[in-house]
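Engineer: Generate coordinates for the sequence data below:
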Amino acid sequence: MGATKTDFFTDEQNKMAVIAKALGHPARIAIIEYLLKVNECICGDIVNELPLAQPTVSQHLKELKNAGLIKGNIEGNSICYCIDEKAFGTLNAFFSNIISTVKKQNCC
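Structural biologist: Next up is the predicted model:
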């Protein structure tokens with residue numbers, strides 16, 4: 001079987017692309033902001049905060065979890081979600097490196 005296009009990039013580049021894609025929807029940004037505000041919640045709480053149907057919110061939560069941006073624990077009939085600080089540490093390092101490099105450049 002042939003190589004996929006992602007095989008030509010580093011693991012770090014592929015990881016950042018997955019995270020960036022997950023953050024590429026305003027509903028997911030709103031979910032992240034809500035989780036930061038409340039520190040922890042169940043899916044039903046998020047549904048009440050967003051103008052989206054429960055299945056749509058669940059799909060967005062799945063994308064965020066698959067990207068490693070949030071984590072969830074099953075508690076009874078619900079799942080309690082919270083921010084995964086490791087992924088945001090990776091984001092912070094990535095963007096900090098970009099910002100410090102850009103500040104050093106003398107480009108047009």
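
Engineer: can you pull out the strands in the protein?
Structural biologist: Along the chain, the stretches classed as strands by DSSP state E are 41-42, 70-75, 78-83.

Engineer: what's the least confident stretch among the ones you listed?
Structural biologist: Lowest mean pLDDT of the strands of the chain: strand 41-42, a mean of 76.

Engineer: thinking again about what came up before, looking at the strands of the chain, which is nearest to I19?
Structural biologist: strand 70-75 (11.5 Å; CB to CB). Any C-beta I mention is one placed from the backbone N, CA and C, and that applies to glycine too.

Engineer: Local confidence estimate at the most centrally placed residue in the chain?
Structural biologist: For the chain, the residue sitting closest to the mean C-alpha position, by CA atoms, centre = their mean, is L69 at 3.7 Å. With respect to pLDDT, L69 scores 96.

Engineer: you'd agree it is up against A22?
Structural biologist: Yes. With contacts counted by CB atoms under 8 Å, L69 reaches A22, the gap being 5.8 Å.
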